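A.B. asks: Sequence and predicted structure, then a few things I'm wondering about:
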Amino acid sequence: MKRLFIGLMSFLVVFLMTDAGFAQQKTFTIEVLQVTKIEPFDNAYQGFMQELSAAGLVEGQNLKVNRRIIDFDVEKGGLWKKVGVLFEIKSTASKIVEARPDLVLTVGTPATKYAKDKIVAAGIPLVFTAVAIPEAAGCKSLTVAGPGFTGSSIYMDMADVLKIARLAFPDIKTVGIVHTDDDNAMAQVEQVKAVGSQAGFTFITKEISKNDKFTPAARELIAQGAQAFAVPLDTYYGLRNYEPCAELSAVSLENKMPVLSLVHMDVPGALLYVGSDLKASGALSGKQAAKILLEGAKPDDLPILRQEDLTIMVDTDVLKSLQIELPMEILMLAKSLK
């Protein structure tokens, strides 16, 4: 009887060690779908990967990542039309389903909105990041995504953002925004227009195409009374080696107009940055992915996460160039970009 007991114990030890060894040796695969290669999205992806590494999932060791970036040639035009974007995303989603990864990361609203149904229907967990308004990406609410997927949002209460802007620019009443039909940009423009009056701002906007130059639209808004500019999360500003940002900087300096950036990306000419940190957003999605892969958590049980506190940054070089004085309260709250 004693020999039988020892034999059973030995068998259990070997079984458990084998099982643990299998878990440690398993290599997970993640497919990443991103529309347009711009700095904010790259930052979100970087935060995601760093968080996975901190959880023990290291690319090249126990993790394989296949990053698919749909980048359109805006110089040739046409492909940025909604139908072209939709077709390309859905086609790529089908390829991802065929690859049968352990998890999919979608970066940005278009990638999430148009890929999720096909991927979720295939039973593959999906985690998203860099989404401004979850509902615009097909989520049930700000905190609940839906069956089979979850993620992190860069949603921020725009009323709080504009309170900071009002404190920084007490004399400015009219703010111009040049934007395209980018999903995140459209959502943020709707937000600021809805709550702008609460902070004493009037927002005037000009929608342009991805191919258009920034300067003519900016001059049109200046003629309408714009005293400052705001930059939403719009892929347009990262195109052609950040050409629109360079134009924005030139117009800002020429007219001594401050620029408020609603996204943490390198926007030449922007004085004040108020919003969510895209790298932090990616890290939050990384936490969710780690729970799904390592703990067997279901995406349905994980709420949509978002950064609770606004990140405020000031570009001190631009501050000097514009010869603008910011209130001490802003300088105490903000981090220096330089």
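C.D. replies: It's in.
A.B. asks: Walk me through the domains of the protein.
C.D. replies: 27-155+278-306, 158-275+311-336 (automatic domain parsing).
A.B. asks: Using a markdown table, please lay out those together with mean pLDDT and mean neighbour count.
C.D. replies: Any C-beta I mention is one placed from the backbone N, CA and C, and that applies to glycine too. Listed next are the domains of the chain as a markdown table, based on pLDDT from 0 to 100; neighbours: other CB atoms under 10 Å:
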| stretch | mean pLDDT | mean neighbour count |
| --- | --- | --- |
| domain 27-155+278-306 | 92 | 20 |
| domain 158-275+311-336 | 92 | 19 |
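A.B. asks: wait, what's in contact with the nearest residue to Gln198 once chain neighbours are set aside?
C.D. replies: Leaving aside its chain neighbours, Gln198 sits nearest to Ala159 (5.8 Å; criterion: CB to CB, 6 or more residues apart in numbering). Ala159 is in contact with Val195, Gln198, Ala199, counting by CB atoms under 8 Å, 6 or more residues apart in numbering.
A.B. asks: Same check on Lys163?
C.D. replies: For Lys163, the contacting residues are Ala199, by CB under 8 Å, 6+ apart.
A.B. asks: Secondary structure element holding it?
C.D. replies: helix 158-168 (DSSP states H and E).
A.B. asks: the inter-axis angle of the helix or strand that that helix is followed by versus helix 158-168?
C.D. replies: Elements were assigned by DSSP H and E; along the chain past helix 158-168, the next helix or strand is strand 174-179. Interaxial angle of strand 174-179 relative to helix 158-168 (axes from the mean of the first three to the mean of the last three CA atoms, to 10 degrees): 130 degrees.
A.B. asks: now for strand 174-179, which elements pack on it?
C.D. replies: When contacts are defined as 3 or more CB pairs under 8 Å, 6 or more residues apart in numbering; DSSP states H and E, strand 174-179 packs onto helix 183-195, strand 202-207, helix 214-223, strand 228-231.
A.B. asks: Which one, of the ones you listed, ends up nearest to Ile38?
C.D. replies: Proximity to Ile38 (CB to CB) singles out helix 183-195 among the helices and strands packed on strand 174-179, at 10.8 Å.
A.B. asks: Just checking the distance from the closest one to the centre of its chain.
C.D. replies: Distance of helix 183-195 from its chain centroid, counting by CA atoms, centre = their mean, to the nearest Å, is 15 Å.
A.B. asks: centre of the chain versus the helix holding Lys163, how much separation?
C.D. replies: That offset, for helix 158-168, works out to 21 Å (CA atoms, centre = their mean).
A.B. asks: Name the SS class of Lys118, please.
C.D. replies: helix (DSSP: H, G, I helix; E, B strand; the rest coil).
A.B. asks: excluding its backbone neighbours, what's nearest it?
C.D. replies: With CB to CB, 6+ apart as the criterion, Lys118 has its nearest non-adjacent residue at 4.4 Å, and that residue is Ala93.
A.B. asks: I'd assumed Thr112 was in contact with that neighbour.
C.D. replies: No. Between Ala93 and Thr112 there is no contact under CB atoms under 8 Å: 10.6 Å.
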